[in-house]
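Visitor: What follows is a predicted structure for the sequence shown.
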Amino acid sequence: MCVVYGDDWLTIAYTPQAGLDEEVRRRFWEDLDEMVRGIPHTEKIFIGGDFNGHIGATSRGYDDVHGGFSFGDRNEGGTSLLDFARAFDLVIESSSFPKKREHFVTFCSSVADIQIDYLLCRKFGKGLCTDCKVIPSENLLPLHRLLVMNLEIMRKRRKREMYRQHSIKWAALTEAKVQDLGVKLKAPLKFPNDLRF
């Protein structure tokens, strides 16, 4: 799903699960790739979703897109996400801020606590994000936790049209100009022939 607000694009994605056919996963990445290519590079883009991958605790080899804060081991799905982020000059904001482990866990089950949901944005928009974290007490779905990103987006101010009243320059009013104005005001009005009343 893609939402456009002004010059900003918000994309929500759901990567097919690891157990599905490799062809389905490949098509997902191709479709996401095609959609992001259609967005002008000068516009802000925010992508959030369940990518069903682990980017790992360290940025090892992906310093330009991985913020260095996460947990666990990287897997193939995480590598695909990191490669995608690098290809489109995105940064994974979910890994950009130090947090307690519980504020990284996006999927909590009886088997494991893992991070598979991520929020990304363009590198030039990185300064817009002031925080990105999981709210442990909020469950979006039975096993997924709410992942939020705080943004500071400055709205463009509209220029107000200034209506200025012209000032009367009394100092420029000389006796000669007063006499001339008096003559003009006392003179009868002249209308063109077709405007007779």
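Guide: That came through, no problem.

Visitor: which secondary structure element contains residue 49?
Guide: When elements are assigned from DSSP states H and E, residue 49 belongs to strand 44-50.

Visitor: next one: the following helix or strand past that strand to chain centre, how far?
Guide: On the C-terminal side of strand 44-50, the closest following helix or strand by DSSP H and E is helix 76-87. Between the mean C-alpha point of helix 76-87 and the mean C-alpha point of its chain there is a distance of 20 Å (CA atoms, centre = their mean, to the nearest Å).

Visitor: cool, and stretch 158-177?
Guide: Stretch 158-177 has its C-alpha centroid displaced from the chain centroid by 45 Å (CA atoms, centre = their mean).

Visitor: Where is the longest strand in this structure?
Guide: Of all segments of type strand in the chain, defined using DSSP state E, the longest is strand 129-139.

Visitor: List the pairing partners of that one within its sheet, with orientation.
Guide: strand 145-151 (antiparallel) (DSSP bridges).

Visitor: Residue ranges in the chain under the pLDDT threshold?
Guide: 1-19, 125-126, 139-141, 155-156, 160-163, 189-197 (pLDDT under 70).

Visitor: What's the biggest helix in it, counting residues?
Guide: helix 22-37 (DSSP state H).

Visitor: Just the C-alpha atoms of that helix, please, in CSV.
Guide: Backbone C-alpha positions of helix 22-37 (Å, rounded to 0.1, in the frame of the first residue of the first chain) are rendered in CSV as follows:
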residue,chain,number,x,y,z
GLU,A,22,11.1,-18.5,-3.3
GLU,A,23,9.4,-17.2,-6.5
VAL,A,24,6.7,-15.4,-4.3
ARG,A,25,9.4,-13.7,-2.3
ARG,A,26,11.4,-12.7,-5.4
ARG,A,27,8.2,-11.1,-6.9
PHE,A,28,7.6,-9.2,-3.7
TRP,A,29,11.0,-7.6,-3.9
GLU,A,30,10.6,-6.8,-7.6
ASP,A,31,7.3,-5.2,-7.0
LEU,A,32,8.6,-3.1,-4.1
ASP,A,33,11.6,-2.2,-6.2
GLU,A,34,9.4,-1.1,-9.1
MET,A,35,7.2,1.0,-6.9
VAL,A,36,10.1,2.8,-5.2
ARG,A,37,11.8,3.5,-8.6
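
Visitor: Just want the angle from the longest strand of the chain to strand 44-50.
Guide: 30 degrees (axes from the mean of the first three to the mean of the last three CA atoms, to 10 degrees).

Visitor: which other residues reach strand 129-139?
Guide: For strand 129-139, the external contacting residues (CB atoms under 8 Å, 6 or more residues apart in numbering) are 93-94, 96-97, 99, 102-106, 119, 121, 145-152. C-beta: built from backbone N, CA, C; applies to glycine.

Visitor: List the neighbouring strands of the strand holding residue 49 plus their orientation.
Guide: Sheet partners assigned to strand 44-50 using DSSP bridges are listed as strand 8-14 (parallel), strand 117-122 (antiparallel).
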